[in-house]
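> A structural model of the following input is requested.
(4 chains)
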Number of protein chains: 2
Amino acid sequence: MGKGHVRLADVAKAAGVSQGTASNVFSRPDVVREEVRERVLKVARELGYGGPDIKGRLLRAGRVNAIGVAAVEPLTYFFDDPWARSLMTAIGEVCDASGTGIAVVSAMNEERLAWNINSALVDGFILLCVEGGERLVELTRQRQLPFIALALGIEDETIPAIGIDNVAGGAAAARHLLELGHRDIAILSIGDVDGLVGMVAPERVDPEMEATPRDRMHGYWRALAEYGIPREAVPIQGTLHDRPSTLTAMEALFSSANPPTAILAMSDKVALFAMQWLAERGLKVPEDVSLIGFDGVPEAATSLPRLTTVAQPFAEIARRSVTAILENALPENHEALDLELVVRDSTAAPRLP
Amino acid sequence: MGKGHVRLADVAKAAGVSQGTASNVFSRPDVVREEVRERVLKVARELGYGGPDIKGRLLRAGRVNAIGVAAVEPLTYFFDDPWARSLMTAIGEVCDASGTGIAVVSAMNEERLAWNINSALVDGFILLCVEGGERLVELTRQRQLPFIALALGIEDETIPAIGIDNVAGGAAAARHLLELGHRDIAILSIGDVDGLVGMVAPERVDPEMEATPRDRMHGYWRALAEYGIPREAVPIQGTLHDRPSTLTAMEALFSSANPPTAILAMSDKVALFAMQWLAERGLKVPEDVSLIGFDGVPEAATSLPRLTTVAQPFAEIARRSVTAILENALPENHEALDLELVVRDSTAAPRLP
DNA sequence: TCAAGCCTTTGAATCGATTCAAAATATGGA
DNA sequence: TCCATATTTTGAATCGATTCAAAGGCTTGA
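Reported below is the predicted structural model:
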């Protein structure tokens, strides 16, 4: 920096070769005669040339070799939230294999959103948490780079998206508890909406809830119906997907006349908070209360007891989205992947009454 | 894509204005007469022009508005490892505030290392885990961008670095246990070296251990010496900073003739694995065994019991490194920040014999 | 009517590389 | 020695924008 930055042209001139040859020395060394190559490299070293500047190359090549992952969340979300992290880890694995870089992009504040999306140097975008992120999608589309949304329940069929079958997953979770013999089951829902904390009446689910929790709910209900349990008989406690609201919800659930013997949590995050609350209250999992999560984040495998959950195929999701972007082969229509029930130690038959 | 990509020049021609004016329409709209601006925008829309391409702008401006974080680890490390995540979260917070993007760079395989460092589109680098990453430092230096290493114990004083006072931190941890009355203390060390698993003799520490664990060890020893306990009296079990080796180490520690009443773990990660092992073995923390970690990762605050630890000033580290890079104001010499003892529920006085 | 001053627009240079057809040089065979 | 072929090197075009001195228009006041 500072004074005269050395560029390829300077090296070429100093070494007495054409710029084309100088370029080849760095990007296709095999094509240059050894003697010349050595000389150019020597001159480059003397001049303090640090190799071809990526910006120049980029302009020509057009390819960055990096993908952007954007979410309507602060940057910290990517390193904090268990679901995001599971996904990022999976994406990281795929990118590592292909030598692709990752740039994380926050689309948090409306004002800087456009700038952030437009100035990210990437070959394409993976969009997390698209519900409520219409503007994010719109901007990304404007940028005219390949992108793929990770979340179904987007109305617009023209948006390339990969999602999971939340209804089937919810049903699998509920069925598991029902097969174990539970009949007093409560639901811990998740969402962003302030109005949906505390007890939630079933008829508010469809109009007010976001797609993901709504679908999971319908999955739960479907399995419950198979066992003759009407949705009205199953209390729903809404949380904001964070610790305080989950603890409040648990408090409410267990201070009622007949507390549940099993809990359907809509995410592992919430389930693990619930597990902590139960432990602090001296209630044993799974002896006193069975608990099943959703997502299949790594923490669920190392909690004590280890959490039974419905796992997302993170690796598959990552593989598909990254290759879709890298090869610009976006799925024609929405794809929904299957979830897998992972039975661990947090669920068991209820105590005999 | 596909056919003819629309560029600014096309829009300019179609709208019948010069390229300079067209450029101004997008980057400095206020300087263009409204009538012309509207016309150009309309034409741009009709042609499907998606706004100025970042690559062209970049070449001219030279600034990317993003910083790279590199580690000699796979990409997954950034989203997986508690320490890395704590740091990334802190870095994310700072970057969010200034609208800076983050690109994560893996310097895992020697072969692709150079490429990854050279092709990352960033204004500077933060290097994690620099021990053993001399090559990473060398390459980054070659790239001639500002960079800062996060780890002390680098010999080369010309490398800008921010670190923490591991000796003082270790001493604080050990002193805490000693003040509670513990005298049978064991150490769980961390490292990459296969040779340092299982029981480690004190005289092997200096020649064989990396700087960070070595310094922490010396901190422990210093405090122990203050209480008249010679280093030979304190068993050291080496781990590879992962689950299996930690469990093996715990097994060894507690199958000995007189098991420790307290454990000094060199990281929270290892401490939490140890905590799980103790829980599975039915040993109560802190009643049967006291446990203190190192680092101050968020998980330490939510474990059951919550882990006493020596916390790194992640926010401060992040703030300093990001501003150093963004303002190209690198520290003249190595800085060492202080750690803070955070007493929580995993440490207590030993049972009376 | 003219000069001064302000606001817009132009056109060419620039950023730092890669690419490729064509030219120059080297190698080999007859 | 000469021609055909293979290997290197050259030089100019290109990628897609931004920048800025200079030119052009328009308004205003004398």
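
> so how far is DNA strand C from residue A:349?
65 Å (Cβ to the nearest atom of the strand, to the nearest Å). From N, CA and C alone the C-beta is placed, and that goes for glycine too.

> let me know the helix or strand that that residue is in.
Residue A:349 is part of no helix or strand when elements are defined by DSSP states H and E.

> ok, it touching residue A:178?
No: here residue A:349 lies out of contact with residue A:178, judged by Cβ atoms under 8 Å, at a distance of 11.2 Å.

> which one of those two is surrounded by more residues?
residue A:178 (18 against 15; other Cβ atoms under 10 Å in any protein chain shown).

> does that one count as helix, strand or coil?
Secondary structure, DSSP: H, G, I helix; E, B strand; the rest coil: residue A:178 is helix.

> just give the nearest non-adjacent residue to residue A:273, would you?
residue A:246 (4.0 Å; Cβ to Cβ, 6 or more residues apart in numbering or on different chains).

> neighbours around that neighbour, how many?
For residue A:246, using other Cβ under 10 Å, the count is 25.

> list the contacts for it?
A:188, A:239, A:270, A:273-274, A:277 (Cβ atoms under 8 Å, 6 or more residues apart in numbering or on different chains).

> over to residue A:6?
A:47-50.

> top of those by number of neighbours, please.
residue A:49 (23 neighbours).

> close to DNA strand D: what parts of chain A are there?
A:16-21, A:24, A:31-33, A:35-36, A:59-60, A:62 (Cβ under 7 Å from any atom of the strand).

> related to what we said a few turns ago, next step: the contacts of residue A:246 restricted to strands.
Counting by DSSP state E, the part of the contacts of residue A:246 found in strands is residue A:188.

> which members of the contacts of residue A:246 are the farthest-apart pair?
A:239 and A:277 (11.6 Å; Cβ to Cβ).

> of these two, who's got more company?
residue A:239 (28 against 19).

> so what's that one closest to, chain neighbours aside?
Nearest non-adjacent residue to residue A:239 (Cβ to Cβ, 6+ apart): residue A:245, at 4.3 Å.

> confirm that the one you found sits in a helix.
Yes: with three-state DSSP as the criterion, residue A:245 is located in a helix.

> contact partners for it?
So residue A:245 contacts A:197, A:238-239 (Cβ under 8 Å, 6+ apart).

> and the residues you listed, which is closest to DNA strand C?
Closest to DNA strand C out of the contacts of residue A:245 is residue A:239 (51.4 Å), distances taken as Cβ to the nearest atom of the strand.

> next, the closest one: phi, psi?
phi -130, psi 170 (degrees, to the nearest 10).

> now residue A:190
According to degrees, to the nearest 10, residue A:190 has phi -130, psi 160.

> repeat that for the one 10 residues further on.
Taking degrees, to the nearest 10, you get phi -120, psi 130 for the backbone angles of residue A:200.

> strands of the stretch 1-150 of chain A, start to end?
A:66-71, A:101-106, A:125-128, A:147-150 (DSSP state E, counting those that start in this stretch).

> which strands and helices sit next to the second one?
So that's strand A:101-106. Counting contacts by 3 or more Cβ pairs under 8 Å, 6 or more residues apart in numbering or on different chains; DSSP states H and E, strand A:101-106 packs against strand A:66-71, helix A:82-98, helix A:110-119, helix B:82-98, strand B:101-106.

> orientation of the third one relative to helix B:82-98 in degrees?
Read it as helix A:110-119. Interaxial angle, helix A:110-119 versus helix B:82-98 (axes from the mean of the first three to the mean of the last three Cα atoms, to 10 degrees): 110 degrees.
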